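# below is the sequence, then the predicted model.
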Amino acid sequence: MGIYLDHAATTYTDERVLEAMLPYFRNEFGNTSSVHGFGRDAGAGIVKARQQTAEAIGASPGEVYFTGGGTESDNWAIKGAAEEAGSGHIITSAVEHRAVLDTCKYLETKGFDVTCLTVGEDGMVSAQSVADAIREDTILVTIMFANNETGTIMPMKEIGEVTKKHGVLFHTDAVQAVGHVPIDVNELGIDLLSMSAHKFYGPKGVGALYVRDGVKIAKLIHGGSHEKGMRSGTLNSAGIVGLGTAIALAVEEIAPQAAHEAALVQRLKQGLLSMPDTRVNGHETSRLPGNINVSFDGIEAEALLLHLDLNGIAVSAGSACSSGSNKPSYVLQEMGLTIEQARAAVRITVGRENTEQEIDTAIETIKEVVSNLRAISPLYQNKQAKSEE
Ligand code: PLP
């Protein structure tokens, strides 16, 4: 096995989570909708998972709806709020995940008006820009908790105050934040929150949407009475139990984990910034502990990625979804980076099991590959020659 430094793309399933899930494939296999004992046994697992999920974000169990992941939760929150309102104006930001941006674009085709806020050089959406964009007919503000490429944490509390003041719904895509930074939906004034288990050491294909009590959104999936008739389909009981266990463990261990990740990121930062023409993208302090996004002038991140992969080191260029598309990151360009700088950026995201030794190996390998790539980069050589003139 190599060195995995791409935890923002996905995490492995924690052994303790896997253990908790296994019975739900075997003895507790019942359909949670069934009235017999088998169904009830499986149902008990769901009840516990719902409690664990609610507790992790300061909500009550009745406000948690299980879904098929972050993309579904985002789609449901945004389309559900829009359909419930019938018409109106939606505010989002230009650095959202595609699950939010494409959903908003779709709603534009259905007659909704969308304002896409720009961000500062640090990748941050300001609460003032949200306040300035609010109109009489604004029905929803959807701003992500933390950006998946730069790790920048948005000013949730301030945005929550603005939406509350104007009586507008506040949805946040918290897929990258849940389990990594403390979240209290009441303290932050969040009405709708999306999460995904595979970003916090749970299984893939399962997520949740928090819907504040009293907030009405239209259903996304019709067909039965599951999840109070709001999200039909036989429950993924093993997955949901996995999500519940994973979120409970992540929240329990949040402080030491954050400290561990932040120390590794600091080590990476020091090591990588010792190279010339290298910069860190994103906010200095308001950021996820395990994320660092770095641009190495004069190189193509895709080339760096491939060389690192040959050395058994996994990082990504931009988000996992856009990796491989060879398109420079729209998030970094929105922050004012040139296409060249955006093309030269990699996202390194550390996790629970990474060690200092792994980080040192990664630093050494990255330095070597970057130097080699720069040595054959006409762009970089020209720049060097110019600066020596
Ligand atoms: N939102 C953000 C910010 C993400 O980082 C991701 C996953 O990369 C998603 C949404 C989509 O989540 P899922 O993979 O569970 O559909």
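All right, it came through fine.

# Gly207 touches Ser194, doesn't it?
Yes - applying CB atoms under 8 Å as the test, Gly207 and Ser194 come out as touching, 6.8 Å apart. All C-beta spots, glycine's among them, are computed from the backbone N, C-alpha and C.

# which parts of the protein are helices?
In the chain, the helices defined using DSSP state H lie at 15-21, 37-56, 70-85, 98-109, 127-133, 156-166, 185-188, 237-252, 254-273, 301-310, 330-334, 339-343, 356-375, 378-388.

# who touches both of Gly207 and Ser194?
Overlap between the neighbourhoods of Gly207 and Ser194 consists of 70, 73, 175, taking contacts as CB atoms under 8 Å, 6 or more residues apart in numbering.

# in a markdown table, list those residues along with neighbour count.
Supplementary listing: those in a markdown table, determined by neighbours: other CB atoms under 10 Å:
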| residue | neighbour count |
| --- | --- |
| Gly70 | 27 |
| Ser73 | 30 |
| Val175 | 28 |
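
# show me what contacts the nearest residue to Thr11 once chain neighbours are set aside?
With CB to CB, 6 or more residues apart in numbering as the criterion, Thr11 has its nearest non-adjacent residue at 4.7 Å, and that residue is Tyr201. The neighbours of Tyr201, taking CB under 8 Å, 6+ apart as the test, are 11-14, 17, 179, 246, 249-250, 352.

# return only those of those found close to the ligand.
When contact is defined as CB under 6 Å from any ligand atom, the contacts of Tyr201 do not meet the ligand at all.

# quick one: low-confidence parts of the chain?
Where the chain drops to pLDDT under 70, the residues are 318-326.

# residues from it in reach of the ligand?
Proximity of the chain to the ligand is assessed by CB under 6 Å from any ligand atom, with 69-71, 74, 97, 99, 144, 148, 173, 175-176, 196, 207, 320 identified as the residues in range.

# these, buried ones only, as a ChimeraX selection?
The buried residues among the residues of the chain next to the ligand can be selected in ChimeraX (16 or more other CB atoms under 10 Å) with this line:
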select :69,70,71,74,97,99,144,148,173,175,176,196,207
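
# out of the residues of the chain next to the ligand, the closest to Asp113 would be?
For Asp113, the closest of these turns out to be Asp74, at 19.1 Å, with distances computed as CB to CB.

# for the closest one, which non-adjacent residue is closest in space?
The shortest distance from Asp74 to any residue that is not its chain neighbour, by CB to CB, 6+ apart, is 4.0 Å, and that residue is Ala99.

# find the closest residue to the ligand in the protein.
Residue of the chain nearest the ligand, by CB to the nearest ligand atom: Gly70 (2.5 Å).

# tell me who's in contact with the closest residue to that residue other than its chain neighbours.
Distances taken as CB to CB, 6+ apart put Ser196 closest to Gly70, at 3.4 Å, once the chain neighbours are dropped. Taking CB under 8 Å, 6+ apart as the contact definition, Ser196 lies against 69-70, 73, 175, 178, 206-207.

# same deal with Arg135?
When the contact criterion is CB under 8 Å, 6+ apart, the partners of Arg135 are His89.

# could I get the contacts of Ser196 as JSON lines with distance to Val114?
Below are these laid out as JSON lines (distance: CB to CB, whole Å):
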{"residue": "Gly69", "distance to Val114": "23"}
{"residue": "Gly70", "distance to Val114": "20"}
{"residue": "Ser73", "distance to Val114": "19"}
{"residue": "Val175", "distance to Val114": "20"}
{"residue": "Val178", "distance to Val114": "25"}
{"residue": "Val206", "distance to Val114": "29"}
{"residue": "Gly207", "distance to Val114": "23"}
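
# those residues in strands, which ones?
Of the positions in the contacts of Ser196, Gly207 sit in strands, assigned by DSSP state E.

# state the distance from the residue nearest to the spatial centre of the chain to Ile90.
Centroid-nearest residue in the chain, with CA atoms, centre = their mean: Gln176, separated by 2.7 Å. From Gln176 over to Ile90 the distance is 21 Å, taken as CB to CB, to the nearest Å.

# same question for Ala197.
If you go by CB to CB, the gap between Ala197 and Ile90 works out to 27 Å.

# and these two? Which one has more around it.
Neighbours around Ala197 and Ile90, counted as other CB atoms under 10 Å, are more numerous at Ala197. The numbers are 33 against 27.

# can you tell me the closest non-neighbouring residue to that one?
With CB to CB, 6+ apart, the residue lying closest to Ala197 is Leu243, at 3.9 Å.

# could you report the neighbour count for that neighbour?
Burial of Leu243 is recorded as 32 neighbouring residues (other CB under 10 Å).

# any idea how far Gln384 is from it?
Relative to Gln384, Leu243 is positioned 50 Å away (criterion: CB to CB).

# and for Ser196?
Here the distance between Ser196 and Gln384 works out to 43 Å (CB to CB).
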